[in-house]
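1. The following comprises the amino acid sequence and a computationally predicted model.
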Amino acid sequence: MTEPTHDSYGRRVRYLRISLTDACNLRCVYCMPEHMQFRPRHELMSDDEIIFLVNVGASLGVDKIRLTGGEPTIRPGVVELVSRIAAVPGIRDVAMTTNALLLHELAQPLADAGLNRVNISIDTIDPDRFRRITRWGDIDDVWRGIDAAERAGLRPVKLNCVVTRGFNEEDVIDLAALTLNKDWEVRFIEMMPFGEVSDFQLSHVVSFREIRQNVESVFGELEEASYDFVDPSRPFRIPGAAGTLGFISSVTEPFCQGCGRVRLTADGKLRLCLLRDDEVDLLSPLRGGADFDKIRELMKEGAFHKPWGHGLDSGVFAENRAMNQIGG
């Protein structure tokens, strides 16, 4: 039986973000150390375990799934896994956040399997800066992936840019200009502090207001676009543009009051807030023989205790994981 689940503040929890792997084919400076050590495969959730937990979530009213990483497309069998997730009763929307390097091959199979949409990470359109930020990526692979996603019908295409002081703050202009003729949403995201690179991240945060001012200095005052209260991205439009700009101000102007999401880490922990270390272990009891009802109770109890918001303003940081281990 499906029933809506609410946290202690009355927010409905209906959005589950699942990290399919902590591994990635890039090493973005704001996400992980260059020589990151990834977890051995046996510590990560199997396909069957993921499907079990998606069914548990669906029984609690979860109807939206986003697949993340690391980089989700490098997980073996990802197309079949998407097909199985999309077939779970109650799941109405399956999306993915990806760096797009493998989308030129996978976009159509993923769409055929039931994937609805993709968010694509692209922090600059300058090839040299792209390599500097990702440590070895090729921007041409991203463009091929974006083209493949559009041809496969994975729309609307959303492009995510984490704005990093000293790396790509000047690139917001070129990225914003993409929306002039393309019906895309380009989203500018404040860098968030995590794990071993949290000190670096805090010193490189560029605020929503600064990003917006930079865009408006070139394109003029932005127009507000239609807004969904539960969406962390505040949408605007350059006057006359085909697409929109989104601003995600997790650090300086958080959107916690409308947050209805929880995260499932690649090693099976229910993470209650992206920027806090509160977690509920679901994989260990599942492997220890806990039945559906017990796991459901653990997930429901965890969701109920979802914190109101992060504690960055009081010096509370997420320290036990890097971004790639959480799924963003």
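-> Now that the structure is in, tell me what you want to look at. This structure is a prediction, so every number in the text was calculated from the model and none was measured.
2. Secondary structure element holding I211?
-> helix 208-219 (DSSP states H and E).
3. List the buried residues in that helix.
-> By 16 or more other Cβ atoms under 10 Å, the buried positions in helix 208-219 come out as 208, 210-212, 214-215, 219. From N, CA and C alone the C-beta is placed, and that goes for glycine too.
4. show me what contacts E3?
-> Listed by Cβ atoms under 8 Å, 6 or more residues apart in numbering, the contact set of E3 reads 59-61.
5. Out of these, who's the most crowded?
-> Within the contacts of E3, most neighbours by other Cβ atoms under 10 Å means S59, with 21 neighbours.
6. Could I get the full set of helices for this structure?
-> 47-59, 78-86, 103-113, 127-134, 139-151, 172-177, 198-203, 208-219, 283-287, 292-304 (DSSP state H).
7. Kindly provide the whole-number mean pLDDT of the fourth one.
-> Helix 127-134 shows a mean pLDDT of 92 in the predicted model.
8. Can you list the buried residues in it?
-> So helix 127-134, judged by 16+ other Cβ under 10 Å, has buried residues 129-130, 132-134.
9. One more: the shortest one?
-> Neighbour-count burial for helix 283-287, counted by 16+ other Cβ under 10 Å, picks out 283, 286.
10. do the last one as well
-> Neighbour-count burial for helix 292-304, counted by 16+ other Cβ under 10 Å, picks out 295-296, 298-300, 302-303.
11. Report the rounded mean pLDDT for that helix.
-> Mean predicted lDDT for helix 292-304 stands at 97.
12. Residues contacting that helix, please?
-> Under Cβ under 8 Å, 6+ apart, the answer for helix 292-304 is 5-8, 13, 52-53, 55-57, 59-60, 262, 270, 272, 280, 282, 285-286, 290.
13. and the buried residues of helix 208-219 as TSV, adding pLDDT?
-> Formatted as TSV, the buried residues of helix 208-219 follow (pLDDT from 0 to 100):
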residue	pLDDT
F208	92
E210	95
I211	96
R212	97
N214	96
V215	98
F219	98
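14. which among these gets closest to R92?
-> Set against R92, the nearest of the buried residues of helix 208-219 by Cβ to Cβ is F208 (30.1 Å).
15. list the contacts for the closest one?
-> 188, 190, 234, 247-249, 252-253.
16. what's the least confident stretch among the helices of the chain?
-> Ranked on mean pLDDT, the bottom entry among the helices of the chain is helix 198-203, at a mean of 58.
17. What values do phi and psi take at the residue of the chain most remote from its centre?
-> Going by Cα atoms, centre = their mean, the residue of the chain most distant from its centre is G289, 30.6 Å out. Backbone torsions of G289, given as degrees, to the nearest 10, read phi 110, psi 0.
18. And the contacts of helix 292-304, which of them are buried?
-> 5-7, 13, 52-53, 55-57, 59-60, 262, 270, 272, 280, 282, 286.
19. And the pLDDT for G288?
-> 99.
20. For it, give me its contacts.
-> For G288, no residue meets the contact criterion (Cβ under 8 Å, 6+ apart).
21. Farthest-apart pair in the buried residues of helix 208-219, please.
-> Of all pairs in the buried residues of helix 208-219, the most separated under Cβ to Cβ is F208 and F219 at 16.2 Å.
22. What subset of the contacts of F208 is buried?
-> 188, 190, 234, 247-249.
23. Flag every buried residue along stretch 248-267.
-> Quick answer for stretch 248-267 (16+ other Cβ under 10 Å): 248-251, 254-256, 259-267.
24. That stretch - what's its average pLDDT?
-> 88.
25. what's the answer for stretch 181-189, then?
-> On average, stretch 181-189 scores 97.
26. the strands in the stretch 151-300 of the chain, which residues?
-> With DSSP state E, counting those that start in this stretch as the definition, the stretch 151-300 of the chain shows strands at residue ranges 158-163, 185-190, 223-224, 234-237, 244-248, 261-264, 269-271, 279-281.
27. Let me have those in TSV, extended by distance to M32.
-> Formatted as TSV, the strands of the stretch 151-300 of the chain follow (distance: least, Cβ to Cβ, whole Å):
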stretch	distance to M32
strand 158-163	13
strand 185-190	16
strand 223-224	35
strand 234-237	27
strand 244-248	20
strand 261-264	17
strand 269-271	17
strand 279-281	19
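28. Report the separation between T252 and I189.
-> As for T252, its distance to I189 is 12 Å (criterion: Cβ to Cβ, to the nearest Å).
29. And for P156?
-> As defined by Cβ to Cβ, P156 lies at a distance of 17 Å from I189.
30. So these two - more neighbours on which side?
-> I189 (25 against 13).
31. Grab the nearest non-local neighbour of the more buried one.
-> For I189, ignoring the flanking residues on the chain, the nearest one in space by Cβ to Cβ, 6 or more residues apart in numbering is I248 at 4.4 Å.
32. Hmm, the one you found is touching E190, no?
-> Yes: counting by Cβ atoms under 8 Å, E190 is a contact partner of I248 at 6.6 Å.
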